[in-house]
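> one predicted model, sequence on top.
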Amino acid sequence: MHSHPFPSSLNHNRSPLELVHSDLHGPLPVASHSGYKYWITFIDNATRFRAVYLLKAKSEAFEAFKVYKSWAETQLGVKLRALQDDKGGEYMSKAFISFTELAGIERRHSTRNRPQQNGIAERANRTMGERITAMLSESRLPPSFWGECISSMVHVWNMLPTASLSSTTPFQAFYKRKPDVSHLRVWGCTSYVHVQRDKRNSLQPHYEKCVFIGYPAGYKGWKFYNPVTKRTVISERADFDERYFPGTSKAQLEAVPSFACLPESPQTPNDTSSYSGLPPLQDEGGDNHFPPARPKTPTLSASVPPEEKPVLPLPPLPLIPPRYKYMRTLCTTC
């Protein structure tokens, strides 16, 4: 007996936040530096704008949804009206159901063995997994950098045109303005980061060789990883050589597993696991992730501060004058 062709998806011509698609991906084969093993995706049906949050456990999905709802409603000035998911246990906890009922949010679920009904979020997660695998392989960084990788990749993905929006970018559809892409760089490339004067003497180099790993939230700069000191650095002064990907030392290189194809987890109707004491969701990368500890007096080019922030979504970085030595090439894996 053959199944009938699946009907086309819902109409794309909707108002922002009228419908949001969501899917959870994981557990991943390697934990991130902060111990994250999952990510959860939220996609606005009208604008196709993607927001991704890193999780240490499935039970954190409810907290991530509350963070996303608050952020999206504040940015757009409208209320979230409907949520589409696969009815996984992380979406069906008593706290999650009660919260959406009180907020007047309509719940929509895909039926068992019919992932096409949540295809927008399901396919996005698979695409992100494939791109993470490709970017880690290209950059020669260990798999534990997948957290920084997905944050940067989604930041760029929202600025790329999509056919479902008639070649408009999700960023423009969401914010009603064109994105500024002048700050974008090839992820994992060689970078020479300026060392502030109070961190060196007159005979020491003015730059340190690092690896570019992302766009930090709340900063007018870039995020870098120093393989020698094993610390992350944020700076607005850097030269980029996008032809080379230094990665880490050969002794530290690991085989990159697939972040897209994961075993199917059974669909559970209910999950009564409680939430308590969950810290705020965090942007990947910080000196507490890479020993030794940060210096006592942090500066802009010093260690990433310990405050935890949502991984995504991020506003566009302000215009940063290009300071790289070689002509920039576009990242084909973003």
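Thanks, I have it. Numbers count the residues shown, from 1 in each chain.
> hang on, residue 139 packs against residue 188?
Yes - in terms of C-beta atoms under 8 Å, residue 139 counts as a neighbour of residue 188; the distance is 2.5 Å. All C-beta spots, glycine's among them, are computed from the backbone N, C-alpha and C.
> which residues are in contact with both of these two?
211, 245, 247 (C-beta atoms under 8 Å, 6 or more residues apart in numbering).
> need the residues you listed in JSON lines (columns: pLDDT, secondary structure and distance to residue 107).
Listed next are the shared contacts of residue 139 and residue 188 as JSON lines, based on pLDDT from 0 to 100; DSSP: H, G, I helix; E, B strand; the rest coil; distance: C-beta to C-beta, whole Å:
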{"residue": "211", "pLDDT": "95", "secondary structure": "strand", "distance to residue 107": "43"}
{"residue": "245", "pLDDT": "90", "secondary structure": "coil", "distance to residue 107": "44"}
{"residue": "247", "pLDDT": "80", "secondary structure": "coil", "distance to residue 107": "44"}
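> on that earlier part again, which of residue 139 and residue 188 has more neighbours?
Using other C-beta atoms under 10 Å as the criterion, residue 139 and residue 188 rank with residue 188 on top: 29 against 23.
> wait, isn't that one in contact with residue 148?
No - taking contacts as C-beta under 8 Å, residue 188 lies outside contact range of residue 148: 9.4 Å.
> tell me, what's touching the two both at once?
Here residue 188 and residue 148 share the contacting residues residue 213, scored by C-beta under 8 Å, 6+ apart.
> is residue 219 in a helix, a strand, or coil?
Using DSSP: H, G, I helix; E, B strand; the rest coil, the structure places residue 219 in coil.
> oops, could you answer that again for residue 87 instead?
Quick answer, by three-state DSSP: residue 87 is coil.
> quick one: it from residue 152, how far?
31 Å (C-beta to C-beta, to the nearest Å).
> these two: which has the busier surroundings?
residue 152 (26 against 19).
> contacts only, for the more buried one.
187, 213, 214, 215, 334.
> which of these are buried?
187, 213, 214, 215, 334 (16 or more other C-beta atoms under 10 Å).
> let's have the contacts of residue 152 in CSV, adding pLDDT, secondary structure and distance to residue 100.
Formatted as CSV, the contacts of residue 152 follow (pLDDT from 0 to 100; three-state DSSP; distance: C-beta to C-beta, whole Å):
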residue, pLDDT, secondary structure, distance to residue 100
187, 96, coil, 36
213, 95, strand, 35
214, 94, strand, 32
215, 95, coil, 31
334, 40, coil, 33
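> which two of these have the greatest separation?
Pairwise distances across these (C-beta to C-beta) peak at 13.4 Å, for the pair 213 and 334.
> joint contacts of these two?
By C-beta under 8 Å, 6+ apart, the residues touching both residue 213 and residue 334 are 152, 187.
> how about the nearest residue to residue 45, chain neighbours excluded?
With sequence-adjacent residues excluded and distances taken as C-beta to C-beta, 6 or more residues apart in numbering, residue 45 is closest to residue 19, at 4.1 Å.
> for the one you found, which residues are in contact?
10, 44, 45, 46, 81, 82, 83, 84, 108 are the contacts of residue 19 under C-beta under 8 Å, 6+ apart.
> give me the subset of the residues you listed lying in strands.
Residues of the contacts of residue 19 located in strands (DSSP state E): 44, 82, 83, 84, 108.
> now residue 209: phi and psi?
Backbone geometry at residue 209, expressed as degrees, to the nearest 10, gives phi -80, psi 120.
> look at the nearest residue to it once chain neighbours are set aside and give its secondary structure.
In space, and not counting its chain neighbours, residue 209 is closest to residue 192: 6.0 Å by C-beta to C-beta, 6+ apart. State at residue 192, reduced to three classes by three-state DSSP: strand.
> equivalent analysis for residue 133, please.
Per three-state DSSP, residue 133 ends up helix.
> helices along the stretch 1-150 of the chain, start to end?
Ranges of helices in the stretch 1-150 of the chain, per DSSP state H, counting those that start in this stretch, are 61-76, 94-103, 119-139, 146-157.
> of all those helices, which one is nearest residue 169?
Closest approach to residue 169 among the helices of the stretch 1-150 of the chain (C-beta to C-beta): helix 146-157, 9.4 Å.
> helix or strand next in line after the closest one, which one?
Sequence-wise, the next helix or strand downstream of helix 146-157 (DSSP states H and E) is helix 170-175.
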